[in-house]
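A.B. asks: using only what follows, build the 3D model:
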Amino acid sequence: MEAKVAQSTQKYVRISPRKVKIVLDLIRGKSVAEARGILKNTPKAACEDVLKVLNRVAADAEHNFLMDPEKLYVSACYVGGGMTLKRIQPRAKGSADRILKRTSHITVCVAEKV
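C.D. replies: Predicted coordinates for the structure are as follows:
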């Protein structure tokens with residue numbers, strides 16, 4: 001019998017994927033309740049966006065797939081790079097530097113412990 005997995009993605013989040021990956025490594029493999037506690041008490045900018053995705057996927061698992069919310073755990077979570085906004089920073093003698101404002105696609109999957 002296949003294990004049911006619920007997945008949710010937040011696209012084009014205005015934070016670098018490198019910063020989001022640090023937060024996702026903290027919650028991978030943890031129960032949903034424990035992951036929520038970690039995200040609420042970690043002082044990282046990405047925690048707010050990851051928490052939104054985690055809450056959404058936990059609600060989807062409970063309502064759409066009829067999973068038990070007490071048995072849910074983060075089975076997989078990863079981040080991919082989204083589009084990059086290119087901006088210009090003026091420099092000396094009429095030249096310019098390019099500033100890359102990166103975006104992320106955050107994906108969180110939860111499954112039910114057997």
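A.B. asks: just checking, what packs against the lengthiest helix in the chain?
C.D. replies: Ordering each helix of the chain by length in residues (DSSP state H) puts helix 46-64 first. Applying 3 or more Cβ pairs under 8 Å, 6 or more residues apart in numbering; DSSP states H and E, one finds that helix 46-64 contacts strand 5-13, helix 17-27, helix 32-40, strand 72-90, strand 96-112. Just so you know, the C-beta spots here come from the backbone N, C-alpha and C atoms, and that holds for glycine as well.
A.B. asks: nearest to residue 61, out of the ones you listed?
C.D. replies: Residue 61 lies closest to strand 5-13 among the helices and strands packed on helix 46-64, at 3.7 Å (Cβ to Cβ).
A.B. asks: other residues contacting the closest one?
C.D. replies: 20, 49, 52-53, 56-58, 60-61, 64-65, 67, 75-76, 82-83, 103-111 (Cβ atoms under 8 Å, 6 or more residues apart in numbering).
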